[in-house]
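In: sequence-free structure coming up:
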């Protein structure tokens, strides 16, 4: 390769990286500004943080709390599997899916940690991410830049290019246009799928309840698939009761997005 070509490639990479860093900064500056605006609306923020820290210390490694959560979930009609390894979890999900070849999924960091998408795809299953950020990353075959903002490193022009590659036609790099295209496509897949997979933000042991937070409304659709709703949750998501789960939810929302409450909170208790 000629020296001029090598220099051109290196410069192109640096420009691309600079644009990605600029996009990430813009996204998280928005979150920081929103936090500054809303922090005064949470009058007892420090008290809530202390309470959550103490709760997590109590819950971590608490075997009796885990057993209580499993017992109450099962008594509420929830089928519970305990996976001790990544391979156990993947096998259990595959068994629950059966012969289905289309699965819709919402944001789940546990599913990413165990490589669920790659595993199911190797079994001939088409698994569709329904959070717009995760769907963008899925189509781009890219890595997420942040757990709550997976596509934060991509500009609207990058996303339009990803859609062009996916759809084979030019897409206007307008945020509203891009969002509508993704929502329409995702809705189509949700309508055809019989099984949905979600994560969980919290599991309340006392009530045997599962809490899910979301802003796009997609989780509500995913969890109401005709055949089955599969939830993946680590034992770190267990809280003593629904009150402590709500406290965690409020803090998760504030520090992740800058808002004091999410658009949707779903509690499944049966």
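Out: Here it is on my side, so go on. Bear in mind that the values here come from a model prediction, so they are computed numbers and not experimental data.
In: what residues are up against residue 185?
Out: Each residue near residue 185 by CB atoms under 8 Å, 6 or more residues apart in numbering is listed here: residue 135. Placement of C-beta: from N, CA and C, glycine included.
In: looking at this, it is in a helix?
Out: Yes. Under DSSP: H, G, I helix; E, B strand; the rest coil, residue 185 falls within a helix.
In: Quick check, pLDDT for it.
Out: Note on residue 185: pLDDT of 96.
In: do the same with residue 202
Out: 96.
In: what's near enough to touch it?
Out: 210-211, 237-239, 245, 248-249.
In: quick one: which helix or strand includes the residue nearest to it when sequence neighbours are not counted?
Out: Leaving aside its chain neighbours, residue 202 sits nearest to residue 245 (3.7 Å; criterion: CB to CB, 6 or more residues apart in numbering). Using DSSP states H and E, residue 245 sits within helix 242-257.
In: looking just at contacts, which helices and strands does that helix meet?
Out: Under the contact criterion of 3 or more CB pairs under 8 Å, 6 or more residues apart in numbering; DSSP states H and E, helix 242-257 touches helix 3-38, helix 45-59, strand 202-204, strand 209-214.
In: Now do the last one and helix 242-257, the angle between them.
Out: If I follow you right, that is strand 209-214. Put simply, strand 209-214 runs at 20 degrees to helix 242-257, going by axes from the mean of the first three to the mean of the last three CA atoms, to 10 degrees.
In: next SSE after strand 209-214?
Out: By DSSP H and E, the next helix or strand past strand 209-214 is helix 218-223.
In: Off-centre distance for that next one?
Out: Relative to its parent chain, helix 218-223 has a centroid offset of 12 Å by CA atoms, centre = their mean, to the nearest Å.
In: biggest separation within the contacts of residue 202, which pair?
Out: Farthest apart among the contacts of residue 202 by CB to CB are 238 and 249. That separation is 14.0 Å.
In: Quick one: residues contacting the residue lying closest to residue 111 once chain neighbours are set aside.
Out: Computed as CB to CB, 6+ apart, the closest residue to residue 111 that is not its neighbour in sequence is residue 232, at 5.5 Å. Going by CB under 8 Å, 6+ apart, residue 232 touches 89, 93, 108, 110-111, 114, 116, 197-200.
In: what helix or strand is residue 189 on?
Out: Element membership for residue 189, per DSSP H and E: helix 175-192.
In: Just say helix, strand or coil for the residue sitting nearest the centre point of the chain.
Out: Centroid-nearest residue in the chain, with CA atoms, centre = their mean: residue 107, separated by 2.1 Å. The assignment at residue 107 comes out as coil when based on three-state DSSP.
In: how about the closest residue to it other than its chain neighbours, phi and psi?
Out: Take residue 107 and drop its neighbours on the chain: the residue closest to it by CB to CB, 6+ apart is residue 131, 4.6 Å away. Main-chain dihedrals, residue 131, degrees, to the nearest 10: phi -80, psi 130.
In: Compute the distance between residue 131 and residue 230, please.
Out: Using CB to CB, to the nearest Å, residue 131 is found at 16 Å from residue 230.
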